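>>> The amino acid sequence is not available; the structure is as follows:
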């Protein structure tokens, strides 16, 4: 986000905070931030806008750390993949949510770390904001305009709807990709799997390279919505399994034809 | 394959056969073939090498159609994704398998039809040949050299091993992708699914655009190996489900960390 804002001509100061100096130093060198602190309390002191980008499981401790160091008008947002749990964390730590605007950019890479920064990561991508009942209109507008500077398209929805949609379109695929890699690695030689897995397999498992801490925390934070869609998925997969067992060609054709139509319709713009 | 051979300087005649004239006419215009017949009996009459590229379910009828029209020395190969079933079909139709060399190029696209032809589709990709016990050394060598002209790397293995590896690295991922698209389409608006599904989701579901007839036939042809790996997969997924239910962060971390390591190791050459 730092890179994207700078590319867009943002002239404010971008301050980084983290536990380890090395990545912060690298962020400075790469021009992602203008200065940094190892103390998050120090880092947020003069901030107009605080963007929290930590694994969901570290969110509450981070909120507690900054709570008494924020300016009264400072706006707080985040990039976490689960909004209900973020709001629960904020409610338990902050007395007032007027200046809190939960957010989630629907963009990312399976690579993490500051060296993987891209200045065009958000260009044309969606950023979902899920203001709480007490989030101010002004705070929401400010967060919206900052994201729009990066080239993103901002959408507002309820945290519950966000969590369901993300469980379906992001969390479930990641879980399935992790699971297939582990299943295959249990039975076969890794080299052989990837030797015979053509492009489709590499695409399909790319997301299994995601950061395991982040994904562990997402599974715990969005537990309910993930379990709902995982249950629906397993029932669907059992139906397919039965069709294969019963040599039910007609049923398999119908299922595959339907999903081809859905996918082709949904991705008409794909090359 | 026609395009790839021509690009490589192959000077023999490439004859196409099919049921409908339109795609054959298009193949002729695109330079994929040199001539065509709507009668497969006619098409194979003078052939030195016959490459069968039909859905697995149409294989037996196709073998029956050509059986009495082949030259005595004509070599027959195929590109089917299930080798045990192909060999079973051939054994039931042909009296002699000396000139039959089952094959499978591990390359392809989710797009089908002659307009999707690429002259570099096989460049650097693997082609697996699974000669039968009676396939001649000479026939295997000829099929190998033709594939090598397209830039492919040829490997020999048993049909059973091929079917297990392909069930794991190709058939299972396709079934999972089809299933996730159907599961989500049952619950949500298609437009919304693809709007919030970022790049990862599009990659993950790209293979759900595969031809439904081809994939139905693969599921029926490679039934046993697919059911084996699908069963292992479902057990692994149930373990993950339980970990999420039990908020077992340590278990989730271990599982995700393991698959990240496997994937990163297996795809070191990925960008």
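Thanks, I have it. Everything numeric in this text was worked out from a predicted model, so none of it was measured.

>>> quick one: the helices in the stretch 1-150 of chain A?
Under the criterion DSSP state H, counting those that start in this stretch, the stretch 1-150 of chain A contains helices at A:2-7, A:21-29, A:40-44, A:59-66, A:83-93, A:137-149.

>>> Briefly note if the first one comes near chain B.
No: where contact is defined by C-beta under 8 Å from any C-beta of the partner chain, no part of helix A:2-7 touches chain B; the two come within 15.8 Å at best. Quick note: C-beta positions are derived from backbone N, CA and C, even for glycine.

>>> ok, now the last one?
No: under the criterion of C-beta under 8 Å from any C-beta, helix A:137-149 makes no contact with chain B; the nearest approach is 14.9 Å.

>>> Follow the chain on from that helix and name the next helix or strand.
Past helix A:137-149, further along toward the C-terminus, the next helix or strand under DSSP states H and E is strand A:153-156.

>>> contact partners of that next one?
The contact list for strand A:153-156, computed with C-beta atoms under 8 Å, 6 or more residues apart in numbering or on different chains, reads A:124, A:125, A:126, A:127, A:128, A:129, A:130, A:131, A:140, A:144, A:147, A:148.

>>> From the chain's centroid, how far away is that strand?
Centre-to-centre, strand A:153-156 and its host chain are 15 Å apart (C-alpha atoms, centre = their mean, to the nearest Å).

>>> For the stretch 1-150 of chain A, which residue gets nearest to chain B?
residue A:106 (4.7 Å; C-beta to the nearest C-beta).

>>> residues touching residue A:252, list them.
Remark: with contacts taken as C-beta under 8 Å, 6+ apart, residue A:252 is in contact with A:240, A:243, A:244, B:212, B:215, B:216, B:219, B:220.

>>> ok, now residue A:211?
Taking C-beta under 8 Å, 6+ apart as the contact definition, residue A:211 lies against A:55, A:112, B:260.

>>> Recalculate using a threshold of 10 Å.
Shown in contact with residue A:211 (C-beta atoms under 10 Å, 6 or more residues apart in numbering or on different chains): A:55, A:108, A:110, A:111, A:112, A:113, A:217, A:218, B:256, B:257, B:260.

>>> Going by distance to residue B:97, which of the residues you listed wins?
residue B:260 (44.7 Å; C-beta to C-beta).

>>> mind checking how far that closest one is from residue B:254?
Residue B:260 sits 11 Å away from residue B:254, taking C-beta to C-beta, to the nearest Å as the criterion.

>>> With neighbour numbers in mind, choose between those two.
Between residue B:260 and residue B:254, residue B:260 has the larger neighbour count (other C-beta atoms under 10 Å in any protein chain shown), namely 19 against 15.

>>> Is that one in a helix, a strand, or coil?
helix (DSSP: H, G, I helix; E, B strand; the rest coil).

>>> Surely it is in contact with residue A:185?
No: here residue B:260 does not reach residue A:185: they are 11.2 Å apart, not a contact under C-beta atoms under 10 Å.

>>> ok, and for the helix ranked longest in chain A, which residues are buried?
With DSSP state H applied, the helix covering the greatest number of residues in chain A is identified as helix A:223-245. Of the residues in helix A:223-245, those buried under the neighbour-count criterion (16 or more other C-beta atoms under 10 Å in any protein chain shown) are A:223, A:225-226, A:228-230, A:232-234, A:236-237, A:240-241, A:243-244.

>>> out of the residues you listed, who's near chain B?
Among these, the ones lying near chain B by C-beta under 10 Å from any C-beta of the partner chain are A:223, A:226, A:228-230, A:232-234, A:236-237, A:240-241, A:243-244.

>>> For those residues, give me CSV that also has pLDDT.
CSV is the format used below for those (pLDDT from 0 to 100):
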residue, pLDDT
A:223, 96
A:226, 97
A:228, 96
A:229, 96
A:230, 97
A:232, 96
A:233, 97
A:234, 97
A:236, 97
A:237, 97
A:240, 97
A:241, 97
A:243, 98
A:244, 98
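
>>> Can you lay out these as CSV showing distance to residue A:75?
Listed next are these as CSV, based on distance: C-beta to C-beta, whole Å:
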residue, distance to residue A:75
A:223, 28
A:226, 29
A:228, 32
A:229, 32
A:230, 35
A:232, 37
A:233, 37
A:234, 41
A:236, 42
A:237, 43
A:240, 47
A:241, 50
A:243, 52
A:244, 53
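
>>> Residue nearest the middle of chain A, spatially speaking?
A centroid search over chain A (C-alpha atoms, centre = their mean) returns residue A:81, at 4.1 Å, as the residue closest to the centre.

>>> Which pLDDT value goes with it?
At residue A:81 the predicted local distance difference test score is 91.

>>> Check the gap between it and residue A:128 for me.
Summarising the geometry, the distance separating residue A:81 from residue A:128, computed by C-beta to C-beta, is 10 Å.

>>> residue contacts, residue A:141?
The neighbours of residue A:141, taking C-beta under 10 Å, 6+ apart as the test, are A:101, A:154.

>>> From residue A:154, how far off is it?
From residue A:141 over to residue A:154 (counting by C-beta to C-beta), the distance is 10 Å.

>>> Tell me, how many residues neighbour the residue nearest to residue A:188 when sequence neighbours are not counted?
Nearest residue to residue A:188, sequence neighbours excluded (C-beta to C-beta, 6 or more residues apart in numbering or on different chains): residue B:168, at 6.3 Å. When counting by other C-beta under 10 Å, one arrives at 27 neighbours for residue B:168.

>>> Dump the contacts of residue A:252 into JSON lines; add distance to residue B:172 as well.
Below are the contacts of residue A:252 laid out as JSON lines (distance: C-beta to C-beta, whole Å):
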{"residue": "A:240", "distance to residue B:172": "11"}
{"residue": "A:243", "distance to residue B:172": "15"}
{"residue": "A:244", "distance to residue B:172": "11"}
{"residue": "B:212", "distance to residue B:172": "17"}
{"residue": "B:215", "distance to residue B:172": "12"}
{"residue": "B:216", "distance to residue B:172": "15"}
{"residue": "B:219", "distance to residue B:172": "11"}
{"residue": "B:220", "distance to residue B:172": "15"}
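
>>> Find the pair from these with maximum spatial separation.
Longest span within those, C-beta to C-beta: A:244 and B:212, 14.2 Å.

>>> you'd agree the residue nearest to the centre of chain A is up against residue A:221?
Yes: counting by C-beta under 10 Å, a contact exists between residue A:81 and residue A:221, whose distance comes to 7.6 Å.

>>> Touching both of those two, which residues are there?
Going by C-beta under 10 Å, 6+ apart, residues that sit against residue A:81 and also against residue A:221 are A:55, A:56, A:163, A:171.

>>> Out of those residues, who's the most crowded?
Ranked by neighbour count (other C-beta under 10 Å), the shared contacts of residue A:81 and residue A:221 have residue A:163 at the top, with 27 neighbours.

>>> Please work out how many residues are found near the residue nearest to residue A:85 when sequence neighbours are not counted.
Residue nearest to residue A:85 in three dimensions, not counting chain neighbours: residue A:221, with 3.9 Å by C-beta to C-beta, 6+ apart. Residues contacting residue A:221 under the criterion other C-beta under 10 Å number 25.
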